[in-house]
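Could you work out the structure for the sequence below:
(4 chains)
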2 protein chains.
Amino acid sequence: MALEHALLVALREQPASGLELSRRFGKSIGHFWSATHQQIYKVLARMEADGWVVAETVVQQGRPDKKVYDVTPAGREALVAWLATPTPESPLRSELAVKMRGASFGGSAGRAAVLESVRQHAADHELRLDHYRHLTKRDYPDGPAGLSPLELDQYLVLRGGILLEEGQLAWLTEYLEAHS
Amino acid sequence: MALEHALLVALREQPASGLELSRRFGKSIGHFWSATHQQIYKVLARMEADGWVVAETVVQQGRPDKKVYDVTPAGREALVAWLATPTPESPLRSELAVKMRGASFGGSAGRAAVLESVRQHAADHELRLDHYRHLTKRDYPDGPAGLSPLELDQYLVLRGGILLEEGQLAWLTEYLEAHS
DNA sequence: GGTTCCATGTAAGTCGTTACATGATTCC
DNA sequence: GGAATCATGTAACGACTTACATGGAACC
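The predicted model follows:
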């Protein structure tokens, strides 16, 4: 029940078509709320039926038409109402943690496989961390000083990405060291 | 497609009934893979049909009978096979991050509401962090030295809980400081 | 007598993923 | 000519949640 609101936020930052949204979700917001294009189309259709957004068909040359969505006043109200709603804690699910606890029951092959998974994930997290740090340097070379409220919030969400990735990496590194 | 395997791990550590499992999932493993009892019963039934587990009805005095599940050789094989499978990265979903980015579009009331949500979550994470640290002191007073492989893995998963909670807390603290 | 706990489920519905479909256009 | 991109979807399925149901035992 929250993809709708994530889309509202994205559309308030900038009106967009379904595909543009799904691409944007591959970046910024998507790091904290992923969605495929199929899902996005479905939810957009429902939001349009509910009057939260309106679509305007934009004719393009050399490309298919696209439907650019924008948020209606009703959609804005829905967003504000949602902000005031208590935020349930997102259940943290780590398949890797389950495998770590299962490694003892998998013999030497199982243990090696889990080690390999952990190594792979550590590399992934390191990569993403590099990416976030690069974004920080590029978009906020002077740190958070002098940013508008909107920019400050975007900066702080990026900081969240960095801090969470650092936590993950610290964990997996500790695991690998303990098993070496 | 992974609750099955989480249950296999839990049952290999100790055979149990559905309700006992759902209680255990409120603790240790559950911090990384939550599940309600309804879901657990359903999956256990499927696993029994698949021959991964067998149920033994245990008569109790003053209480209803319970069905204690144990893992079969086929279940053990399924667990080993799963360990060797590549581990997809669990999509990280933070409703709070979406709200942070939406706060600018919610007026002063919206911003205050988001701040309150962040404060609440920070308190929750601090509480859980205290809990994990308490568990560490109680169960591993001497650190990881001298633990069996199984205990070491349990220790390392607990360490994961601590490191991830610390990351979360650091993030939310930074947010609150930036908005004070 | 009412409430809570134990223990096992069913039913209905939402959320999300995976696979497939279409049709035009540009790139090699 | 074949592949990739743009753009929008449908269909089928599985995962997960929420609400409800049952029935006895213990607690106050």
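
how about low-confidence regions in chain A?
When residues are selected by pLDDT under 70, those of chain A lie in A:1.

so which residue of it comes closest to DNA strand C?
Going by C-beta to the nearest atom of the strand, DNA strand C is nearest to A:Gly62 of chain A, at 2.6 Å. Where C-beta positions appear, they are placed from N, C-alpha and C, glycine not excepted.

what about that residue, which SS state?
Judged by DSSP: H, G, I helix; E, B strand; the rest coil, the three-state class of A:Gly62 is coil.

same question, A:Val54
strand.

can you pull up the bridge partners for it?
When bridges are called by DSSP bridges, A:Val54 pairs up with A:Asp70.

which residues does it contact?
By C-beta atoms under 8 Å, 6 or more residues apart in numbering or on different chains, A:Val54 lies in contact with A:Glu48, A:Tyr69, A:Asp70, A:Thr72.

if we can go back for a sec, let me know how buried the residue of chain A closest to DNA strand C is, in neighbour terms.
Residues near A:Gly62, counting by other C-beta atoms under 10 Å in any protein chain shown, number 4.

Please identify which pair of the contacts of A:Val54 lies farthest apart.
Maximum pairwise distance in these, criterion C-beta to C-beta, is 10.7 Å, between A:Glu48 and A:Asp70.

got the contact list for whichever residue of chain A sits closest to chain B?
Residue of chain A nearest chain B, by C-beta to the nearest C-beta: A:Gly167 (2.7 Å). By C-beta under 8 Å, 6+ apart, the contact list for A:Gly167 reads B:Leu163, B:Leu164, B:Glu166, B:Gly167, B:Gln168, B:Ala170.

so A:Leu158 touches A:Arg133, yeah?
No. Using C-beta atoms under 8 Å, A:Leu158 makes no contact with A:Arg133, being 9.6 Å away.

in the helix ranked longest in chain A, what's buried?
The longest helix of chain A (DSSP state H) is helix A:107-139. For helix A:107-139, the neighbour count (16 or more other C-beta atoms under 10 Å in any protein chain shown) marks A:110-111, A:113-115, A:117-118, A:121-122, A:125, A:128-129, A:132, A:135-136 as buried.

before we move on, what about stretch A:25-38?
Buried-residue list, stretch A:25-38, by 16+ other C-beta under 10 Å: A:Phe25, A:Ser28, A:Ile29, A:Gly30, A:His31, A:Phe32, A:Trp33, A:Ser34, A:Ala35.

For burial, what's the neighbour tally of the residue lying closest to A:Ala78 once chain neighbours are set aside?
Excluding the flanking residues, the one nearest A:Ala78 by C-beta to C-beta, 6 or more residues apart in numbering or on different chains is A:Trp52, at 5.6 Å. Per other C-beta under 10 Å, the neighbour tally for A:Trp52 reads 25.
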